[in-house]
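Student: Predicted coordinates and the sequence they were generated for:
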2 protein chains.
Amino acid sequence: MKKVSIKDIAEKANVSIGTVDRVIHNRGRVSERTREKVLAICREMDYEPNVLAQRLASDKAFVFATFTPKPKRDNSYWKTPLDGIRKAADELSGYRVRVKSYFYDQENEESFRQESLNILLEKPDGVLIAPLFHREARDLARKLESYDIPFVFIDSKVEDTRYLSYFGQDSFRSGYLAGRLIWFHLKKKGEVIIVNFSSDLENHVHLKNREKGLKQFMENHHFRGTLTSLTIDPKEELVLTHTLYERLHHKTQGLFVTSSAHKVARSLQKIGKDNVLFVGYDLTPDNVTYLNKGIIDVLLCQKPMAQGHEGIMALFNHLVRKRKVEKNHSMPIEIVVKENYQDYSDF
Amino acid sequence: MKKVSIKDIAEKANVSIGTVDRVIHNRGRVSERTREKVLAICREMDYEPNVLAQRLASDKAFVFATFTPKPKRDNSYWKTPLDGIRKAADELSGYRVRVKSYFYDQENEESFRQESLNILLEKPDGVLIAPLFHREARDLARKLESYDIPFVFIDSKVEDTRYLSYFGQDSFRSGYLAGRLIWFHLKKKGEVIIVNFSSDLENHVHLKNREKGLKQFMENHHFRGTLTSLTIDPKEELVLTHTLYERLHHKTQGLFVTSSAHKVARSLQKIGKDNVLFVGYDLTPDNVTYLNKGIIDVLLCQKPMAQGHEGIMALFNHLVRKRKVEKNHSMPIEIVVKENYQDYSDF
DNA sequence: AAATTTTGCGTGTACGTACACGCAAATAAA
DNA sequence: TTTATTTGCGTGTACGTACACGCAAAATTT
């Protein structure tokens, strides 16, 4: 049951381990005849390199860069992927893998460009990117492609780039799922209100798709009530309260908020909530506060921590273990209610 | 940023690496003076052994045994933890860790005893146990304790044993959570039916606790309708259909089935389901069938795959990496509906 | 005091791989 | 043909650790 080593291969092929090594690494200086023979024996004996010995022998240390929004106090969503990244970094520290984190301001595209340069300067072996600014991210991707540095996306992906792997959400599907949850609560008719908290909905593809998902569900299930969609500027919270006050009435049974649920929850608290199923997104502390208060009923999220963790692991598997990695991973959509949010708060 | 090795320690302490090695492994043959000095320097330089080199140098291969019910066609729940176990085994294969799986028949306590002997014969370095039979599992645990072989429990734990770690469910909490979901659908009054599918409820602690959890929720939320609890022998499916037919009426809005949801679903399909929120447990293929048909609305599960995976990892972290492992882990309760079950089917 | 044991330490080899070096034979250039 | 270059291969050392062995000095026994 022992694993075969290059030594075993060498013996069987009647060559030295050096030769085997050269064959495996394609470093030339081997006759075609020997090459074939060694490769055949490798396959036959089902040789798999010992990653431990590889990493030990190689003096090369791998450096992975991560590029995500800087987590702020008022928006700590981005802390979670970072936790996953750190966990992976810890697991891999024994393999001489170092993870270096770079940040940008998610409201400042210039900061993305600036910091991109620093990443390129570092010449890392692989990069993990949360590409909130798709245009700028595409530029970075192009550079990385030209340097032959593999990169993975988390959260969302920039099409038309040669990314190694993607771990993120499926916005449409999560909206569709939200439909199911609201459906649990809906009487035959009733009303559902969608709130998009955004100044520029067209640019926030995620939000748009979440809404589309919900609408699709309602259509597929022949919803006979009314479906109202509001789009509100994030800066105008007063407007929000006012609008909600106007629109909300006793027939309203579902509230679907595609982002910043806590802000809507705050307004809703003032108005008073009754018999409305409130579905929002992401386990931020702010949101959790209102989940606990019973204003928000459900939060959906797609394993932000795992996105960070798996993203780093994908780089590791590709670069160090030389394994194939799947390209697209839509993360499981998690349904979080007051009674199980603790499960996700630290894991 | 390079890591310190015993060589660095040796140099700084003016001794040979052999001496450092002896100090670290407490193999004696070192003067107290030198010992202290070396230890001080280890702490000072923050020495951490290189696990790769350790595993490479040591000829010892670790063997972990797993002991779970044999997955059958009609109950493949136990395939999932096995998948997690296999995944962990793959990840650790580079570390010379071998995982050997033993099985018992979950309806035959004798098979548990029998196979226990085989495990003890193997003298593994660590054991992972899914202790469906608590009494027999306790016997095994006692033996392992006397041999100083660490063991972890998954799914449920046997109190009063010195287990290394536990990864499992919190039945009460999941029942409580089920209450929340049913609550989404409930009109002020209405009726909720609990079905326990068991011949011996007292012995199935999980099921009992799930029911308790639901009842607690309803009590805490001042439920004013009726709460009916049925306990049905698994063998008597005809009785089941009949009983359901009798009990179910238009006021029934919630159905909570603590195990084998698919059997209840089958009966319910005959009767016809209308306006009832059906909550069951576990993502078995049978259950998923009825989830897709819309008979079952929600399935709860607690990451059975992760339980296997993390269980093995706990053994690894304890025995190989010599890290501290947390003792009790209640796994996140996952809420699975038709729209996200695929996320969990292969992951 | 001599012989024996114990203590305290260094040395050497192994694990499986990477990679630099070196050397003979084959080939090419003079 | 002689010399230079390339090809094809083996050898040796390093990575960081574990562990067996060996040897001098100290401690103990005779």
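Tutor: Yep, it's here.
Student: Give me the distance between the residue of the stretch 201-347 of chain A found nearest DNA strand D and DNA strand C.
Tutor: The minimum distance from the stretch 201-347 of chain A to DNA strand D, using CB to the nearest atom of the strand, falls at residue A:320 (15.1 Å). In short, each C-beta sits where N, CA and C put it, glycine included. Per CB to the nearest atom of the strand, to the nearest Å, residue A:320 is found 10 Å from DNA strand C.
Student: Just list the residues touching that residue, thanks.
Tutor: A:51, A:54-55, A:62, A:95, A:97 (CB atoms under 8 Å, 6 or more residues apart in numbering or on different chains).
Student: Where is pLDDT lowest across those?
Tutor: Among those, residue A:95 carries the lowest pLDDT, at 82.
Student: Could you check how far it is from residue B:96?
Tutor: According to CB to CB, to the nearest Å, residue A:95 and residue B:96 sit 15 Å apart.
Student: Check residue A:165 too.
Tutor: Distance, residue A:165 to residue B:96, by CB to CB: 29 Å.
Student: Of these two, which one has the most company?
Tutor: Between residue A:165 and residue B:96, counted using other CB atoms under 10 Å in any protein chain shown, the more crowded position is residue A:165 (23 against 19).
Student: hey, what's that one bridged with?
Tutor: residue A:152 (DSSP bridges).
Student: Could I get the contacting residues of it?
Tutor: Neighbour list for residue A:165: A:152-153, A:311, A:314, A:318, A:325-329 [criterion: CB under 8 Å, 6+ apart].
Student: Please narrow those residues to those residing in helices.
Tutor: A:311, A:314, A:318 (DSSP state H).
Student: Could you confirm whether the helix or strand hosting residue A:9 reaches chain B?
Tutor: Following DSSP states H and E, one finds residue A:9 within helix A:6-13. No - Helix A:6-13 is not in contact with chain B by CB under 8 Å from any CB of the partner chain; minimum separation 13.8 Å.
Student: Show me what the following helix or strand past that helix is packed against.
Tutor: Using DSSP H and E, the helix or strand that directly follows helix A:6-13 along the chain is helix A:17-24. Applying 3 or more CB pairs under 8 Å, 6 or more residues apart in numbering or on different chains; DSSP states H and E, we find helix A:17-24 packed against helix A:6-13, helix A:32-45.
Student: picking up where we left off before, would you mind checking the ones in helices among the contacts of residue A:165 for buried ones?
Tutor: A:311, A:314, A:318 (16 or more other CB atoms under 10 Å in any protein chain shown).
Student: any idea of the pLDDT on the closest residue to the last one other than its chain neighbours?
Tutor: Put plainly, it is residue A:318. Nearest residue to residue A:318 in three dimensions, chain neighbours excluded: residue A:325, at 5.2 Å (CB to CB, 6 or more residues apart in numbering or on different chains). Per-residue confidence (pLDDT) for residue A:325: 95.
Student: So residue A:325 sits against residue A:314, correct?
Tutor: Yes - under the criterion of CB atoms under 8 Å, residue A:325 makes contact with residue A:314 at 4.7 Å.
Student: shared neighbours, the two?
Tutor: A:164-165.
Student: residues from chain A in reach of DNA strand C?
Tutor: Within chain A, the positions near DNA strand C by CB under 7 Å from any atom of the strand are A:2-3, A:5-7, A:17-18, A:21, A:24-25, A:29, A:49-50, A:53-54, A:56-58, A:60.
Student: that older thread, kindly reformat the contacts of residue A:320 as TSV containing distance to residue A:86.
Tutor: Listed next are the contacts of residue A:320 as TSV, based on distance: CB to CB, whole Å:
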residue	distance to residue A:86
A:51	22
A:54	24
A:55	20
A:62	16
A:95	15
A:97	13
